[in-house]
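**Student:** Here you go, sequence then predicted model.
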Amino acid sequence: MTFEGVNDTRVYMYSAALIIAVSLMMHSFIQKRTDKRQNVTFLYMVGALIINSSTEIVCEFLHPHISDSAAAFNVYKVFQLLYFVVHVLLAPFFLLYEMSVTDLIKKLKNYTVVFVVSIVSATEILVLTNPITNFVYYYDGYDFTRNWGEGIIYIVAVVFLLLSLVNLFYYWRAINPIKKMSLLYFFGVVILGLLIQLLFPEVRCELFAEAIAFVGVMITIENDDIMKDYETGVYDRPALMTELKNNEAMNVRFGLISLRLKDVDTVFKTNGPENFNKLSVEAAEFLKTLIQRYYIYHFDRGHFVIIVNTEMNDQGRQIVRKLARKYESKYNLSELAKKIDERFNDEWIIDDTRYLLGIAQVKMSYPDEVTNVNDIIYLLNTDLPEGKEKSIYEGEDLKKMLRKTEVKKAITRGLEESEFEVYYQPIYHIDGEKLYGAEALLRLHDRQLGEIYPDEFIPAVEEMGLIDALDDYVLKNVCAFIKSGIPAGGAMKSISVNLSLLQFRNEDFVERLNGIVEVYKIPKTMVNFEITETVGSDDMDDIKDMVSRLKNFGFHFSMDDYGTGYSNISKSFSLDFDVVKIDKSILWGAEKSELGMTVLTNTIYMIKQLNKKIVVEGVETKEQMELLRKLDVDYLQGYYFSKPITKDEFIHDIIGIKEL
């Protein structure tokens, strides 16, 4: 189809751009991609493209008639002016869009805002005053003629695009790879179209190039379906990881709430997958009433995460942000946590069934309380502190949880850099003078955290699955010490090595321990394995079998910390211990009350009736030693004699060998 006097090629080009832009606009609204700042800015750009394409089409159809009709000429001039008024905004809009996509807008400086606003204002004034000044363009008769001002507008557009490109490369490592490629694609297509039209004014391809570029942006950046959790309609775990890493790279301040369902496995099994999913959806819908959906992440089953931005206090930045003010996340973290807590304290009704859901929230701020993303991810994945019935964890709770993270890092360093060391605490005969043996105790000397003690690092080691490696390390050191002949020369009967309950669950446990000792060719009777009283509470048959097999090899066994566990006494003693070590709390309690003395006395009497040797730990005073002598225990251990010391100190100070 042709129209008399109309440049068909231009009309087709503008019409194609218009159809594409309208389609993009409709698609955004149909898909409800209108609530994020970048969505809104994208719609601004598409809207500008629709206006520009429409005005150019109108002008093309009016152009053949402007010499015959003054009215047509006046309308033509109005639409030309409208085109330039809107078109100068496209490049600034893209800069704003790129900063929204990369989160650079959260880091805007005042001088950047002033610069952008000043340049945009100047170019708009240049266009708006053109009917008077003719700086941008003028009409030679009825012919549209470009003036020097249009060159400035193109230069300004190139400057904005170059600024966007500079920002993109400056924060290259912080940007999602797909977003990077999409933005580069946009640059390439738009700049190519802009340069062609600048160099060849008759080839009106700029708008079409922009439309094609917008399609690429829509497909890759605006399409966030791949980041959504389809069950709840909020973002998923990978999206959260991307957001956290991006915020860290951009050094953006933010607050975070980790909301998790207590006893999630029980709730899931009790109510079934279908009802549990409905509960998850209801929970997500509630959270959306408090904060926009794109700040909510479904991290795991029964676990949501909310991120709120706290980087928005600078008044100057609001000049730009007023364009999308309602899309900002200026929320009070404590208020959000309080509202969430209140709602979950109430019942949920799903299909006429009432549910009460216990929750726990971990509230933190970056970088004030948590300084890196790895720690945040650890806090999201770790179990909450034990023995606390509370719903919001913050402040000191975070410090304790993060301390555990640092201890785990120290454990890794300790294994890599040989920072673990075996200490020895002597065990004496009841006379307090004759050395009976020693207990091997592990210490961790970390270059960052300093001295870390077993009660802190052993639970972390067990969580990390490294307990076998550490226990083997201790056993090898003890074997090497025994192999030296020094312990036997000091009249020591044995050295005690603690075993973890987790080790008993390994099928090769017995063979591995025996194999280690076999290498050193030492008397196995000099190795005494200690296991806690509570070891008898689970898997008794398997444990009993392993203890029996090890004793058949010649090893001795002690029950450690007797009096602290809650296991069945008959089952515990069925493990055939050689020695029972009474926990220090029993001894210390005897000094405080008559009841405590009765407990200590009867405990010792019962163990003697079972024909077991007795070690009492925690001896710190001469009076305690005298009391235990009267009660006729066998061995004593405690700070009264010595704290745990290094091997060299043990050899020098306890055994009495001054020079090796």
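**Tutor:** Yep, it's here.

**Student:** how about the helices in the stretch 301-450 of the chain?
**Tutor:** Counting by DSSP state H, counting those that start in this stretch, the stretch 301-450 of the chain has helices at residues 318-321, 333-344, 373-381, 396-417.

**Student:** who does the last one touch, helix- and strand-wise?
**Tutor:** Contact partners of helix 396-417 among helices and strands, from 3 or more CB pairs under 8 Å, 6 or more residues apart in numbering; DSSP states H and E: strand 359-366, helix 373-381, strand 435-446, helix 454-464. Where C-beta positions appear, they are placed from N, C-alpha and C, glycine not excepted.

**Student:** among those, which is nearest residue 229?
**Tutor:** Of all these, the one in closest proximity to residue 229, counting by CB to CB, is helix 373-381 (15.4 Å).

**Student:** Return the alpha-carbon coordinates of the closest one using CSV.
**Tutor:** Output of helix 373-381 as CSV, limited to C-alpha atoms (Å, rounded to 0.1, in the frame of the first residue of the first chain):
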residue,chain,number,x,y,z
VAL,A,373,27.0,-12.5,52.5
ASN,A,374,28.6,-15.8,53.5
ASP,A,375,27.7,-15.1,57.1
ILE,A,376,24.1,-14.2,56.0
ILE,A,377,23.8,-17.5,54.1
TYR,A,378,25.1,-19.4,57.2
LEU,A,379,22.6,-17.7,59.4
LEU,A,380,19.8,-18.6,57.0
ASN,A,381,20.9,-22.3,57.0
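
**Student:** could you give me the average pLDDT of that helix?
**Tutor:** For helix 373-381, the mean pLDDT works out to 87.

**Student:** Off-centre distance for that helix?
**Tutor:** Relative to the centre of its chain, helix 373-381 is centred 3 Å away, using CA atoms, centre = their mean, to the nearest Å.

**Student:** Helix 396-417 and that helix, what's the angle between them?
**Tutor:** Interaxial angle, helix 373-381 versus helix 396-417 (axes from the mean of the first three to the mean of the last three CA atoms, to 10 degrees): 120 degrees.

**Student:** What residues of helix 373-381 count as buried?
**Tutor:** Residues of helix 373-381 classed as buried by neighbour count (16 or more other CB atoms under 10 Å): 373, 375, 376, 377, 378, 379, 380.

**Student:** Equivalent analysis for stretch 126-140, please.
**Tutor:** Residues 126, 127, 130, 135, 136, 137 are the ones in stretch 126-140 that count as buried (16+ other CB under 10 Å).

**Student:** Among the residues you listed, which lie within strands?
**Tutor:** Those of the buried residues of stretch 126-140 mapping onto strands are residue 137, per DSSP state E.

**Student:** Assign a three-state SS to residue 202, would you?
**Tutor:** Classification of residue 202 using DSSP: H, G, I helix; E, B strand; the rest coil returns coil.

**Student:** Next, count neighbours for it.
**Tutor:** 8 (other CB atoms under 10 Å).

**Student:** low-scoring stretches of the protein, by residue?
**Tutor:** Counting by pLDDT under 70, the chain shows low-confidence ranges at 1-5, 106-109, 171-176, 225, 310-331, 385-389, 533-539, 565-572, 658-660.

**Student:** what sits up against the strand or helix carrying residue 552?
**Tutor:** Using DSSP states H and E, residue 552 falls within helix 540-553. For helix 540-553, contacts defined as CB atoms under 8 Å, 6 or more residues apart in numbering pick out 504-505, 509-510, 513-514, 524, 529, 531, 535-536, 557, 571, 574-576.

**Student:** can you check stretch 625-636 too?
**Tutor:** The contact list for stretch 625-636 (CB under 8 Å, 6+ apart) reads 427-432, 436-437, 579, 582, 587, 590, 600-601, 604, 608, 613-616, 619, 640.

**Student:** In it, which residues are buried?
**Tutor:** Per 16+ other CB under 10 Å, stretch 625-636 contains these buried residues: 625, 627, 628, 631, 633, 634, 635, 636.

**Student:** so what's the last one bridging to?
**Tutor:** When assigned by DSSP bridges, residue 636 has beta-bridge partners residue 428, residue 616.

**Student:** ok, now how distant is it from residue 587?
**Tutor:** 10 Å (CB to CB, to the nearest Å).

**Student:** and for the two, which residues touch both?
**Tutor:** With contacts defined as CB under 8 Å, 6+ apart, the residues shared by residue 636 and residue 587 are 616, 619, 628.

**Student:** can you pull the buried residues of stretch 496-505?
**Tutor:** Residues 496, 497, 498, 499, 500, 501, 503, 504 are the ones in stretch 496-505 that count as buried (16+ other CB under 10 Å).

**Student:** Using PDB, list the CA coordinates for that stretch.
**Tutor:** Presented in PDB, the C-alpha positions along stretch 496-505 are these (Å, rounded to 0.1, in the frame of the first residue of the first chain):
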ATOM      1  CA  SER A 496      42.600 -41.500  78.000                       C
ATOM      2  CA  VAL A 497      41.200 -40.500  74.600                       C
ATOM      3  CA  ASN A 498      37.700 -39.200  74.200                       C
ATOM      4  CA  LEU A 499      35.400 -40.700  71.600                       C
ATOM      5  CA  SER A 500      32.400 -39.100  70.000                       C
ATOM      6  CA  LEU A 501      29.100 -40.900  69.800                       C
ATOM      7  CA  LEU A 502      29.000 -40.100  66.100                       C
ATOM      8  CA  GLN A 503      32.100 -42.400  65.600                       C
ATOM      9  CA  PHE A 504      30.100 -45.400  66.700                       C
ATOM     10  CA  ARG A 505      27.900 -45.000  63.700                       C
END
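
**Student:** what sits against the most centrally placed residue in the chain?
**Tutor:** The C-alpha lying nearest the average C-alpha coordinate of the chain belongs to residue 377 (CA atoms, centre = their mean; 1.8 Å). Neighbour list for residue 377: 241, 244 [criterion: CB under 8 Å, 6+ apart].

**Student:** Would you mind giving the helices of the stretch 301-450 of the chain as JSON lines with distance to residue 155 added?
**Tutor:** JSON lines is the format used below for the helices of the stretch 301-450 of the chain (distance: least, CB to CB, whole Å):
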{"stretch": "helix 318-321", "distance to residue 155": "22"}
{"stretch": "helix 333-344", "distance to residue 155": "45"}
{"stretch": "helix 373-381", "distance to residue 155": "41"}
{"stretch": "helix 396-417", "distance to residue 155": "52"}
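
**Student:** Can you tell me which of the ones you listed is packed in deepest?
**Tutor:** The highest mean neighbour count among these, using mean count of other CB atoms under 10 Å, belongs to helix 373-381: a mean of 18.

**Student:** what angle sits between that helix and strand 359-366?
**Tutor:** Using the same axes, to 10 degrees: helix 373-381 against strand 359-366 is 170 degrees.

**Student:** Please check the contacts of stretch 625-636 and keep the buried ones.
**Tutor:** 427-428, 430, 436-437, 579, 582, 587, 590, 600, 604, 608, 613-616, 619, 640.

**Student:** could you redo the helices and strands packed on helix 396-417 as CSV and give each row distance to residue 596?
**Tutor:** What follows is these, written out as CSV (distance: least, CB to CB, whole Å):
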stretch, distance to residue 596
strand 359-366, 37
helix 373-381, 41
strand 435-446, 24
helix 454-464, 23
